[in-house]
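In: have a look; sequence and predicted model below, questions after that.
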Amino acid sequence: MTRAREAFVEALRSAGLRATAPRLAVLAALRRQPHADTDTVIRHARSELGTVSTQAVYNVLAALVEVGLVRRIEPAGSAALYELRVGDNHHHVVCRNCGAVGDVDCAAGRRPCLTPSEAHGYLLDEAEVTYWGICPACQSESRLTRLPGPLDEVEIHCNYPVEGGRP
């Protein structure tokens with residue numbers, strides 16, 4: 001058994017779930033393809049298992065999100081995406097052209113990284129931010145070097161391969 005598979009088995013058991021073949025296949029799919037939509041997860045799971053129903057994959061994803069092993073994100077205008085990076089209040093950068101998604105670390109380093117003008121009595125534990133722009137591949141295809149706009153004065157700290165750390 002590989003280390004990743006062993007880690008998945010342990011994570012599932014720690015979350016009170018059995019380590020079934022469909023659950024392990026879904027986790028492996030998300031390890032191979034971060035920010036995957038459901039169709040991508042289904043395709044990867046079927047390539048590993050041979051056969052698994054669409055409903056089974058939806059059920060597995062829902063269970064994994066519920067126990068906190070998987071995070072579901074929904075960028076505006078996009079299908080739901082799933083990732084294994086959970087619990088750290090990171091954000092995302094999305095390409096307006098091709099839909100590529102990358103992780104952006106919280107610049108303040110703690111939760112929540114944004115302080116609202118009014119919390120309305122809520123105890124805040126997360127801030128969701130989506131940065132939109134043009135990814136390096138699409139920039140290169142269109143020979144785009146810079147988009148003027150409101151982010152000119154904002155630094156974006158991310159682990160996405162954007163030249164200079166800015167979109």
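Out: Yes, it's here. Numbers count the residues shown, from 1 in each chain.
In: low-confidence regions, this structure specifically.
Out: In the predicted model, the chain carries pLDDT under 70 at residues 1, 108-112, 114, 144-167.
In: and the helices in it?
Out: Using DSSP state H, the helices found in the chain span residues 3-14, 21-32, 38-49, 54-66, 136-142.
In: quick one: contacts of the third one?
Out: Contacts to helix 38-49, defined as C-beta atoms under 8 Å, 6 or more residues apart in numbering, come from residues 21-22, 25-26, 28-30, 32-33, 36, 52, 54, 57-58, 61, 79-80, 82. No exception for glycine: its C-beta is placed from N, CA and C like everyone else's.
In: now that helix against helix 21-32, angle please.
Out: On the basis of axes from the mean of the first three to the mean of the last three C-alpha atoms, to 10 degrees, helix 38-49 is oriented at 120 degrees to helix 21-32.
In: what's the angle from helix 38-49 to helix 54-66?
Out: 110 degrees.
In: returning to what we had before: distance to residue 116 and mean neighbour count added to the helices of the chain, as CSV?
Out: Compiled in CSV, those are given as follows (distance: least, C-beta to C-beta, whole Å; neighbours: other C-beta atoms under 10 Å):
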stretch, distance to residue 116, mean neighbour count
helix 3-14, 33, 14
helix 21-32, 31, 21
helix 38-49, 32, 18
helix 54-66, 25, 16
helix 136-142, 32, 14
